[in-house]
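Sequence plus the predicted model coming up.
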Amino acid sequence: MLDKEITNQIVDYIRRNRVTTTEVADCLGKSGAVEGVFAVNRGHFRVGVVRWTCAFDQSNWHVHKDLVDLEKDEIVFIGSHNSGNRAVIGELVCKYCLLYMQAAAVVMNAPARDAGALIRENYAVWSKGFSPVGCFNQKPERDSLPQEVVDEKEFYDGAIAVCDDCGVVIIPKELHTEEFLKKLHHIEEQEDIWFDRLDRKHENTFEIVCEKKYLNEITS
């Protein structure tokens, strides 16, 4: 069962220490990135619990429906299945989520619409580029969610998303543990040591990263 307290501790630690997607991916064994998803606007840093929804069969009907009960500080994550290269949402839904529902960010594993407006308003949005051609807002013909959509919901919904200029990294629910929180502490301490060795000790990066000469000083 997911421990919401430790989830909140991880989110709080990442937010307060501005732990980057690069550092989080290192904690995940050099993994966790949502492939091809990048920031629409530079300079935003967001972390939060994922509220997942999905456009499928070229329809964003369920996206609109699922976001009605969106909670403050959640990160909206919108998937896309059987919709080609259609954009899933644009300015209207982003404004609704970010301004009125106070979501932390909107992430689309698909293109976005209304690029000019999203850039002009400097919204905290991540997407797979842009397309002027969007999904339809009619209800899909099939009543039940496709199995691949159900599986995606199980993975993403309730996970933690970290978003910055490098992209988006997902911390799966099974890693919302004290052990993973300790990894985040360790990676921050390691980064401090590495830059200290570079700036003050003037070591080269081979000595710092590969040989880890500083460990000899710690153990001696």
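Structure received.

May I have the distance across stretch 18-33, first residue to last?
Taking C-alpha to C-alpha, to the nearest Å as the measure, stretch 18-33 stretches 17 Å from start to finish.

Go through it and flag the buried ones.
V19, T20, T21, T22, E23, V24, A25, D26, C27, L28, G32, A33 (16 or more other C-beta atoms under 10 Å). To be clear about C-beta, it is placed using only N, CA and C from the backbone, and glycine gets the same treatment.

same check, this time on stretch 112-123
So for stretch 112-123, counting by 16+ other C-beta under 10 Å, buried means A112, R113, D114, A115, L118, Y123.

Out of the buried residues of stretch 18-33, which sit inside helices?
T21, T22, E23, V24, A25, D26, C27 (DSSP state H).

returning to what we had before: farthest pair in the buried residues of stretch 18-33?
Spatial extent of those (C-beta to C-beta) is set by the pair V19 and A33 at 14.7 Å.

The most centrally placed residue in the chain: helix or strand, and which one exactly?
Nearest to the geometric centre of the chain sits A161, at 3.3 Å (C-alpha atoms, centre = their mean). Using DSSP states H and E, A161 sits in strand 160-164.

Could you do E148 as well?
Using DSSP H and E, E148 falls in helix 147-156.

show me where this structure has strands.
38-39, 46-56, 75-81, 105-108, 125-127, 160-164, 167-171 (DSSP state E).

Identify whichever of these lies nearest to Q138.
strand 46-56 (11.9 Å).

Who are the packing partners of the closest one?
helix 4-17, helix 61-66, strand 75-81, helix 147-156, strand 160-164 (3 or more C-beta pairs under 8 Å, 6 or more residues apart in numbering; DSSP states H and E).

10 Å - rerun?
helix 4-17, helix 61-66, strand 75-81, strand 105-108, helix 147-156, strand 160-164, strand 167-171 (3 or more C-beta pairs under 10 Å, 6 or more residues apart in numbering; DSSP states H and E).
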